[in-house]
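Engineer: coordinates only, no sequence provided:
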C-alpha cells in the first residue's frame, strides 16, 4: 500500500500535528549548539505554513536523566527565526494548556509543543493500536485534523508520537520522510558498481549492513575502516597489538570477529581490508603497514593509513554509487581525521553518493564537505533501511 504524502493533503485551514526530529546537541546553558536537524525540516514546515496550515510541532530532546534532556524553547525560538511565519512555544505537550495553544493557532502559524519525552510513555515502545490509546495521542487528537510524520530519524521507534496518531486520524509522510524512503528504499536502482564504505565504532550495526548488502547483491565492494576494519583485520589473523584488541574486547565485540571471519570466507573477494593503519606515537601520527605491524604497548589503530586511503579512493572514484556508513577513524581528533576527510571528499565525485546519517553525517558537517546526492537524517533508521528491516513509523503510515 503506498504512503500518502503532502501532495495528497488538503492543507489550508487544517490543524496538523507534525512530528519532526530536532534532537540536537546543546550547550551547557541549554542553547542549541547545532541547528542542522532543524534546518532539515524547513521544507516540510515551510510548505505547510505557506499553504495556510495550522501546525502543532511534536518533537523530543535528549533522554531522561541525561544532560541533554531539556525543554524545546530554544528550538522554538530558532524555528521562529528560520521560518517566514510565527512560531510560538508551549510548555505543555497534550494537556488542556497544550490544546488551547493549538486551538488558538491561525492559518499559517505554528506552535512547538513541549518535549514529548517529558511524558514517560513516550520513551516506551508500543504496538501502534496501543500507542493510539496513550494519554499523549488521546489528548491531542480532538484538536487535530491530520498528522504528518517527518521524523525519519526516529522512524525505527514504535513510540506514541511516532506510530499512535496514524491509528486515529488521517496521516501523511513529510518531505524528509518521503525523500529518505525514496532514496534508501530504492538503492538497487542506483548506478553500478556500488561501493559501501563501512566504518565507525558501532560494530554490530555495521556488520549487519555488510552482511545484508552482500547477501542481497547490493554491494560490489565493501571497504572496511574504523573499528569495523580492525575487527575484520583481527578476523583475518592480523595482530593489531594489545591496545586495539583490548578495545574490541572491552566493547563486547569479540563475537563479531567470528562473524567477520564468516563474511570473509563467503564474500572475501568483495570485502577490502586496510593495508596500513595510523597510531599515535610520541604525540604524532605514525603509520604502520598491516603485513609487518609492530605497534608499541598502548598504541591502538586510530585511522587508516595513506596507502589504504589511496587504494580505497581509487575504488570510490570508479564507483557508480557510494554509500558512506561510518567514519574511517577517530575523526574528532585532527591527527586521525585524514582517512575520513579524504575518503568522504572523494565520494562526492561518484555518480551517486549517499551518506548514512549518524556519525557519518556529523563528520561531513565537521569537515564542511558538500556535494552528496543524499545525506540521511537518521542513524538507526537509515541502518534499518540499509539492512532491509521494516520501520515502525513507515508501517504505521502504510497501514
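Structural biologist: Alright, I've got the coordinates. These figures come from a predicted structure and were not determined experimentally.

Engineer: which segments of the chain make up each domain?
Structural biologist: Domain ranges of the chain: 6-179, 185-386, per automatic domain parsing.

Engineer: where along the stretch 151-300 of the chain do the strands fall?
Structural biologist: 171-173, 194-198, 221-224, 271-272, 276-281, 284-289 (DSSP state E, counting those that start in this stretch).

Engineer: quick one: pLDDT of the residue lying farthest from the centre of the chain?
Structural biologist: Ranked by distance from the centre of the chain (Cα atoms, centre = their mean), the top residue is residue 292, with 36.9 Å. pLDDT recorded at residue 292 is 83.

Engineer: which regions of the protein sit below the pLDDT cut-off?
Structural biologist: Counting by pLDDT under 70, the chain contains low-confidence ranges at 1.

Engineer: which one of the domains of the chain lies nearest to residue 399?
Structural biologist: Shortest separation from residue 399 across those is recorded for domain 6-179, at 7.1 Å, computed as Cβ to Cβ. For glycine as for every other residue, the C-beta is placed from the backbone atoms N, C-alpha and C.

Engineer: next, the distance between the ends of stretch 229-240.
Structural biologist: End-to-end distance of stretch 229-240: 11 Å, with Cα to Cα, to the nearest Å as the criterion.

Engineer: what about residue 155, distance to residue 395?
Structural biologist: Note on residue 155: its distance to residue 395, by Cβ to Cβ, to the nearest Å, is 10 Å.

Engineer: one more: residue 153?
Structural biologist: Distance from residue 153 to residue 395, by Cβ to Cβ: 17 Å.

Engineer: those two - which one has more neighbours?
Structural biologist: A side-by-side neighbour count of residue 153 and residue 395, using other Cβ atoms under 10 Å, places residue 153 first with 26 against 16.

Engineer: just to check, residue 365 is in contact with residue 36?
Structural biologist: Yes. If you go by Cβ atoms under 8 Å, residue 365 and residue 36 touch, sitting 6.1 Å apart.

Engineer: so who does residue 49 touch?
Structural biologist: By Cβ atoms under 8 Å, 6 or more residues apart in numbering, the residues touching residue 49 are 55, 83, 84, 85, 108, 109, 110.

Engineer: for residue 85, same thing?
Structural biologist: Residue 85 sits next to 46, 49, 50, 108, 109, 110 when contact means Cβ under 8 Å, 6+ apart.

Engineer: just checking, the third one touches residue 110?
Structural biologist: The reference is to residue 50. No. Using Cβ under 8 Å, residue 50 makes no contact with residue 110, being 11.6 Å away.

Engineer: the residue farthest from the centre of the chain and residue 153, how far apart?
Structural biologist: In terms of Cβ to Cβ, residue 292 sits 43 Å off from residue 153.

Engineer: the helices in the stretch 51-200 of the chain, which residues?
Structural biologist: In the stretch 51-200 of the chain, the segments counted as helices under DSSP state H, counting those that start in this stretch are 73-82, 96-103, 128-131, 135-140, 175-184.

Engineer: what packs against the second one?
Structural biologist: This points to helix 96-103. strand 54-58, helix 135-140 (3 or more Cβ pairs under 8 Å, 6 or more residues apart in numbering; DSSP states H and E).

Engineer: doesn't residue 344 belong to a strand?
Structural biologist: No. Applying DSSP: H, G, I helix; E, B strand; the rest coil, one finds residue 344 to be helix, outside a strand.

Engineer: measure it to residue 385 for me?
Structural biologist: According to Cβ to Cβ, residue 344 and residue 385 sit 20 Å apart.

Engineer: what is the burial count for residue 365?
Structural biologist: Neighbours of residue 365 under the rule other Cβ under 10 Å: 13.

Engineer: and it, what element?
Structural biologist: In the assignment (DSSP states H and E), residue 365 maps to helix 359-367.

Engineer: I'd like the next helix or strand past that helix.
Structural biologist: strand 374-375.

Engineer: what does that following strand contact?
Structural biologist: Under the criterion Cβ under 8 Å, 6+ apart, residues 179, 183, 184, 353, 354, 355, 357, 361, 364 lie in contact with strand 374-375.

Engineer: start and end of stretch 188-199, how far apart?
Structural biologist: For stretch 188-199, the first and last residues are 21 Å from each other (Cα to Cα).

Engineer: let's number from 58 now, not from 1
Structural biologist: Okay, residue one is now 58; in that scheme the one you just asked about reads as stretch 245-256.

Engineer: which residues does the residue lying closest to residue 238 once chain neighbours are set aside contact?
Structural biologist: Distance criterion Cβ to Cβ, 6 or more residues apart in numbering; nearest residue to residue 238, sequence neighbours excluded, is residue 451 at 6.6 Å. By Cβ under 8 Å, 6+ apart, the contact list for residue 451 reads 60, 212, 234, 238.

Engineer: circling back to that earlier point, hey, which of the helices and strands packed on helix 153-160 is tucked in deepest?
Structural biologist: With neighbours defined as mean count of other Cβ atoms under 10 Å, these peak in mean count at strand 111-115, which reaches a mean of 25.

Engineer: partners of it, with directions?
Structural biologist: The pairing partners recorded for strand 111-115 under DSSP bridges are strand 72-76 (parallel), strand 166-169 (parallel).

Engineer: out of these, which comes closest to residue 300?
Structural biologist: strand 72-76 (43.4 Å).

Engineer: other SSEs contacting the helix or strand following the closest one?
Structural biologist: Sequence order places helix 93-97 as the next helix or strand after strand 72-76, per DSSP H and E. Under the contact criterion of 3+ Cβ pairs under 8 Å, 6+ apart, helix 93-97 touches helix 130-139.

Engineer: show me what the helix it packs on is in contact with.
Structural biologist: Identification of contacts with helix 130-139 by Cβ under 8 Å, 6+ apart yields 79, 81, 83, 87-89, 92, 95-96, 99, 102, 114, 116, 118, 143-146, 148, 167-169.
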